[in-house]
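Participant: Predicted model follows, preceded by the sequence.
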Amino acid sequence: MATEGGVKREAAGVGTNVGILLEPGNRIVEETVLGQIKREVTSEDEKATPIDVRLCDFDDASYRISSDKENMNLVTVSLSLPSFTATKSMGSQAAFDSRYKEWAIEPESGFDVSLRIDVTKVAKAEELAKQVALLKSNVGGGVYDYFFSAVAKGSIDKEKPFTFNQRGDTIVYFVPNSGGVSVIFSVDFKEKVDRAVARVFLQEFVDARRSLGAAPPVAWGTNPPLELKAFGITEPTGNLGFITFSILKNHVDSPAKKDKCVANIQMFRTYLQYHIKSSKSFFHSRMRFRAAELLKVLNRAKYDPPADREKKTITGRTFTRAI
C-alpha cells in the first residue's frame, strides 16, 4: 500500500507518473465468503446464524451474500451489474460460464448472475474466496476480453463497433481497426470541481504516457475522435471529453498480458474517480494547514498594550502624562 506521502504526491501531480492501481476484487466479498467456509461451531449447542449481506461496488454494481436457512453449508453469492444486459452476448456471459460454471445457478430476483457454494466441498478456501471476489471484475471484463482476444488472434477486422454504458456518466466505445481496437471512454462529472480536476489529470495522464514506451497510445480531447464516426458522433456532446486507448497486438499477445490489460482498462473510470477524490482531499488538507498557519501569524501580530506602571521624576514626584 502506498504511503500517505505517496498519495499526496500523486494527488498534487508532482514527481510521479504512475498512479495507485485499485484492487480488482471486492475485499468484503472475499472476507465474507472466506469466513463462511472457515466458520467453526465451538459448542454442540451453538447453532450457526444465517447471513444476508448486501453491499455495493463501483460502477453501480451490488452484491448479496446469503446462506440457506435449511442448510447453512450452502452459500449464495449474487451480482447485479447494470451493464450486464448490454454486454451479455459480447463476452460477459461467456466469461461467467468459463470461470463459475461449477457453482452457477439461476440468478436470484433482481440480480444478473448467482453462485451457490457448498462450503463442505471446498478444497482451497483462500483461492475460491479470491475467485468469488473477482466476480464483478471477470464478468464486467468479459467484453474487454472479447475484443482483446480477437486482437490477439488477428481476427479483429471481423468485429463490428460496439458501445455500452458502463455507468450513468461513462460510455465505452470499441472501434476495431487494422491490427488493434480503440477503446474510447466518454467521461463526464456532475460537480464543477471534479470536472476541473479531471481535465488536468487526464491531460497529465496523456503526457505521462510519453515516458512509458510499452504502454498503449493514449489521446484525450473534448472533441470526439475520428473513430466515433462509426456511431454518428462528429460534434462535441457536452460531456467533459473523450479519452482513447489504442490496444495493439503486442499489448495482448500472451494470456498474462491480456488479463492484465483487461483488469487495468476496465478499472479506468474507477481509477480516475479515486484520484480525483484523493486530489480534493489533499487540496482541502493543504488549505486547512495554510489557514492554521495564517492564524498563527495573525495571533503573533496582535498588539498587547503595556501594563500601567507608576513613573517618578528624579526628585521623587509622581510623573503624570498630560492628556
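Facilitator: Great, that's in hand.

Participant: what ranges do the helices span in this structure?
Facilitator: 4-12, 27-38, 84-87, 92-100, 125-133, 135-140, 142-153, 192-209, 255-266, 268-300 (DSSP state H).

Participant: Only the C-alpha atoms, please, for the second one, written as CSV.
Facilitator: Right, the one you point to is helix 27-38. Extracted in CSV, the C-alpha atoms of helix 27-38 (Å, rounded to 0.1, in the frame of the first residue of the first chain):
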residue,chain,number,x,y,z
ARG,A,27,-12.4,-7.3,-0.2
ILE,A,28,-15.8,-7.5,1.7
VAL,A,29,-17.0,-10.3,-0.6
GLU,A,30,-13.7,-12.2,-0.2
GLU,A,31,-13.7,-11.9,3.6
THR,A,32,-17.4,-12.8,3.9
VAL,A,33,-17.1,-15.9,1.8
LEU,A,34,-13.9,-17.0,3.4
GLY,A,35,-15.5,-16.6,6.8
GLN,A,36,-18.4,-18.8,5.8
ILE,A,37,-16.0,-21.5,4.5
LYS,A,38,-13.8,-21.5,7.6
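
Participant: How about the contacts made by residue 172?
Facilitator: 163-166, 183-186 (C-beta atoms under 8 Å, 6 or more residues apart in numbering). From N, CA and C alone the C-beta is placed, and that goes for glycine too.

Participant: and with 10 Å instead?
Facilitator: 83, 86-87, 143-144, 162-166, 183-186, 265-266, 268-269 (C-beta atoms under 10 Å, 6 or more residues apart in numbering).

Participant: Need the pLDDT of the closest residue in space to it that isn't next to it in sequence.
Facilitator: Distance criterion C-beta to C-beta, 6 or more residues apart in numbering; nearest residue to residue 172, sequence neighbours excluded, is residue 166 at 5.1 Å. pLDDT recorded at residue 166 is 94.

Participant: Please apply the same query to residue 314.
Facilitator: Looking at residue 314, the pLDDT reads 74.

Participant: which of the helices of the chain sits most buried?
Facilitator: helix 135-140 (a mean of 24; mean count of other C-beta atoms under 10 Å).

Participant: For residue 312, find the nearest of the helices of the chain.
Facilitator: Taking C-beta to C-beta as the criterion, helix 268-300 is the member of the helices of the chain that comes nearest to residue 312, at 33.8 Å.

Participant: who are the neighbours of the closest one, in terms of helices and strands?
Facilitator: Judged by 3 or more C-beta pairs under 10 Å, 6 or more residues apart in numbering; DSSP states H and E, the packing partners of helix 268-300 are helix 4-12, strand 162-167, strand 170-177, strand 180-187, helix 192-209, strand 241-248.

Participant: From what I see, residue 111 and residue 65 are in contact.
Facilitator: No: counting by C-beta atoms under 10 Å, residue 111 stays clear of residue 65, with 11.4 Å between them.

Participant: Give the residues shared as contacts by these two.
Facilitator: Taking C-beta under 10 Å, 6+ apart as the contact rule, residue 111 and residue 65 both touch 76-78.

Participant: Tell me the most packed of those residues, by neighbour count.
Facilitator: residue 77 (25 neighbours; other C-beta atoms under 10 Å).

Participant: The nearest residue to it once chain neighbours are set aside pairs with what?
Facilitator: In space, residue 77 comes closest to residue 115 once its chain neighbours are excluded; the distance is 4.6 Å by C-beta to C-beta, 6+ apart. For residue 115, the beta-bridge partners under DSSP bridges are residue 77, residue 104.

Participant: If we only consider the shared contacts of residue 111 and residue 65, which is nearest to residue 257?
Facilitator: Nearest to residue 257 among the shared contacts of residue 111 and residue 65, with distances taken as C-beta to C-beta, is residue 77, at 29.1 Å.
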